[in-house]
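> sequence plus the predicted model coming up.
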Amino acid sequence: MKKTKLTLVLLCAAMVFISCNKEKNNSEKNTSAAPQQQKTKAEKKETISSVILYDGTPLYLENDEGKMVYADEALLGDTIRIYMDKNTIEQKEAIRLLSSGKEENFNFIHVSYYNKDYWTRDIFITNDASVTPALITATTIIYNSADGTAATSKKFEEGSIVAVNEASKTTDSDLDIDFVEVTCYNAAAFGNKVWVKSEAVSSNKADILALQTLKKLEGIENPDAAVIDQLSYSLDNLPVSSFVAEKIIAAGL
């Protein structure tokens, strides 16, 4: 157990390094806009946990005109924090400014990501502190409710990352099927809550972290050799599923 915890810590540290480099690259690419610098809050605010539902979720900063300008992005399955203001989510209507000059008005949520302040759109995140990242371990049918007769024609593919509410586990006693509620992206505010068979959902942090790491590496050109060595060692020692292990081998790590 100690070895697993150490491996997770090393892998998380490497991911932070990758994220910092990626943020630096993004800031260099977005010099056309002049967003305000992130500020450390002098006054500590309450936050709740949130899960990223969309891969490449854009994170924004406000410029001097109060418009939202792209600053960074977060991966599907990342955990962030939502700022609260008097027990209410801190949010605002604002204009998103694109590099093309196009402006659109959206609702934005105030979040903390790697201890830095950003704003992001409510369609990309959860607002339920009871949900955590989870992995779909096998292609599985989506249900509208925890009822064996509520099956839809839609499915989650093996390897999909969602947010799961572990406390929601329940059984359809008539058909003897165990269900759990998950939240996924569907372009609606704070995601879409659906049900799947609980046997097809895993909260294995090692699996999720490994898949996120592989995804982050895909977006890095000429990654640091020392970081790659550390990632390779950490991934080799993680208790991942066979599905994720195959992904790691395919990536050459």
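Everything's here; your move.

> which residues touch Ile136?
Residues near Ile136 by C-beta atoms under 8 Å, 6 or more residues apart in numbering: 156-162, 196, 200-201. Where you see a C-beta, it was placed from the backbone N, CA and C, and this is true even at glycine.

> repeat the analysis, applying 6 Å as the threshold.
Taking C-beta atoms under 6 Å, 6 or more residues apart in numbering, we find Ile136 in contact with 156, 160, 200.

> the second one: neighbour count?
Neighbour count for Ser160, taken as other C-beta atoms under 10 Å: 20.

> again with the last one
In terms of burial, Ala200 registers 19 neighbours under the definition other C-beta under 10 Å.

> which one is it nearest to, not counting chain neighbours?
Of all residues not flanking Ala200 in the chain, Thr140 sits nearest, at 3.9 Å (C-beta to C-beta, 6 or more residues apart in numbering).

> do the same with the second one
Distances taken as C-beta to C-beta, 6+ apart place Ile136 nearest to Ser160, at 4.2 Å, with adjacent residues excluded.

> beta partners of the one you found?
Counting by DSSP bridges, Ile136 is bridged to Val201.

> let me know the pLDDT of it.
At Ile136, the model reports a pLDDT of 94.

> phi, psi of the residue of the chain positioned farthest from its centre?
Of all residues in the chain, Asp174 has its C-alpha farthest from the mean position, at 35.3 Å, by C-alpha atoms, centre = their mean. Main-chain torsions, Asp174, degrees, to the nearest 10: phi -70, psi -40.

> out of everything not next to it in sequence, what's closest to it?
Excluding the flanking residues, the one nearest Asp174 by C-beta to C-beta, 6+ apart is Gly148, at 7.0 Å.

> my read is the one you found is in a helix, agree?
No. Judged by DSSP: H, G, I helix; E, B strand; the rest coil, Gly148 forms no part of a helix; its state is coil.

> measure it to Phe179 for me?
9 Å (C-beta to C-beta, to the nearest Å).

> repeat that for Leu53.
20 Å.

> these two: which is more packed in?
Leu53 (25 against 22).

> go ahead and confirm that one touches Phe190.
No. The pair Leu53 / Phe190 is not scored as a contact, 8.4 Å apart, by C-beta atoms under 6 Å.

> Glu104 is in contact with Leu98, isn't it?
No. The criterion here is C-beta under 6 Å, and Glu104 misses it with Leu98 at 7.7 Å.

> now for the two: what residues contact both?
With C-beta under 6 Å, 6+ apart, Glu104 and Leu98 have no common neighbours.

> would you say Lys169 is within a strand?
Yes. Judged by three-state DSSP, Lys169 forms part of a strand.

> hmm, it is touching Val182, no?
No. Applying C-beta under 6 Å, one finds Lys169 not in contact with Val182, separated by 11.2 Å.

> these two: which is more packed in?
More neighbours surround Val182 than the other of Lys169 and Val182, with 26 against 14 (other C-beta under 10 Å).

> which residues sit in contact with the residue lying closest to the more buried one once chain neighbours are set aside?
Leaving out its chain neighbours, the residue that sits closest to Val182 by C-beta to C-beta, 6+ apart is Val162, at 4.4 Å. Going by C-beta under 6 Å, 6+ apart, Val162 touches 134, 182, 184.
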